[in-house]
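A.B. asks: Quick one, fold the following:
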Amino acid sequence: MRFIVITIFPEIFKIYFETGLPKKSIDKGLINYELINLRDISSDKHKKVDDYTYGGGTGMVFMFPVLKKAVEKAKELSNNNHIILLSPSGIKYDQNLAKELSKHETITLICAHYEGCDERIKNFIDEEISVGDFITQGGEIPALILIDTISRFIPGFLKKEEAVNLETFSENLVEYPQYTRPNEYEGLEVPDILLSGNHEKVRLYRKKESLKRTLLLRPDLLLKRGFDEEEKKLLIEIEKELIENIEKILKR
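C.D. replies: As a prediction, this is how the structure comes out:
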């Protein structure tokens, strides 16, 4: 997998790719990257890449000619290239989209800044993506989010490849609680069932906790998935427990 990033802050990405799992994956040949600095492409003697908007308004906008040249350069680096513009008006990013994007040979990420990009660049992209309903200073942090989440689906990137399929959102479930040693510290203890050595009971406990957490924290995720008979029984147990707790609270 190759990542090509179009940005005015390439140093941000150098830190990411030269650290931890990304660096190890580069050393293994699993991923590689290219950084295209918009200022290096600018024909302006001051390396200017932005200008005021037609029609007035606050803020500056990346100019179309320099953006188009950057996209053309990215396409020269790879024939099979999926071009993405990071933008608040794009489609909402999620785990499923990350998995789909991981199937591409090369992904180019355009990091907008200031008030965004000249609208005409959208004629030369494949997709416009938003990482959430909020505004960041620029597209660099959203681009890093895409790179990081997509990379996790590349075989060999994670030490345990099955881990990506067990994480939150992979099955539209919030992950169950995790614990490690010591089993007791300052009066706070690890649930006994996790120390029992009974793998089946541990599995059911984790499934139940995952369902319960999702119901309480992200009920919208449950609407996206189906349930087997075991999960239906666990949901009924959770419902009874919640009702009992509510009744106890109301009687106080």
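
A.B. asks: for whichever helix in the chain runs longest, which positions count as buried?
C.D. replies: Counting residues, the longest helix in the chain under DSSP state H turns out to be helix 229-251. Buried residues in helix 229-251, counting neighbours by 16 or more other Cβ atoms under 10 Å, are found at Glu231, Leu234, Leu235, Ile238. Where C-beta positions appear, they are placed from N, C-alpha and C, glycine not excepted.

A.B. asks: How about the second one: what's its closest non-neighbour residue?
C.D. replies: Across the structure, with Cβ to Cβ, 6 or more residues apart in numbering as the measure, the residue nearest Leu234 apart from its sequence neighbours is Lys208 (4.7 Å).

A.B. asks: got the residue ranges for the helices in the stretch 1-150 of the chain?
C.D. replies: Residue ranges of the helices in the stretch 1-150 of the chain, as given by DSSP state H, counting those that start in this stretch, are 10-17, 20-28, 38-41, 64-77, 95-101, 140-151.

A.B. asks: So which of those helices is the most surrounded?
C.D. replies: Using mean count of other Cβ atoms under 10 Å, the stretch among the helices of the stretch 1-150 of the chain with the largest mean neighbour count is helix 140-151, at a mean of 20.

A.B. asks: Residues contacting that helix, please?
C.D. replies: Contacts with helix 140-151, where a contact means Cβ atoms under 8 Å, 6 or more residues apart in numbering, come from 1, 3, 5, 7, 9, 12-13, 16, 21-22, 25, 31, 84, 86, 93, 95, 98, 101-102, 107, 109, 111, 129-131, 136, 157.

A.B. asks: Next, count neighbours for the spatially closest residue to Cys111 that is not a sequence neighbour.
C.D. replies: Nearest residue to Cys111 in three dimensions, chain neighbours excluded: Gly139, at 3.2 Å (Cβ to Cβ, 6+ apart). Neighbours of Gly139 under the rule other Cβ atoms under 10 Å: 28.

A.B. asks: okay if I get the helices of the stretch 1-150 of the chain as TSV plus mean pLDDT?
C.D. replies: TSV is the format used below for those (pLDDT from 0 to 100):
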stretch	mean pLDDT
helix 10-17	97
helix 20-28	97
helix 38-41	96
helix 64-77	97
helix 95-101	95
helix 140-151	98
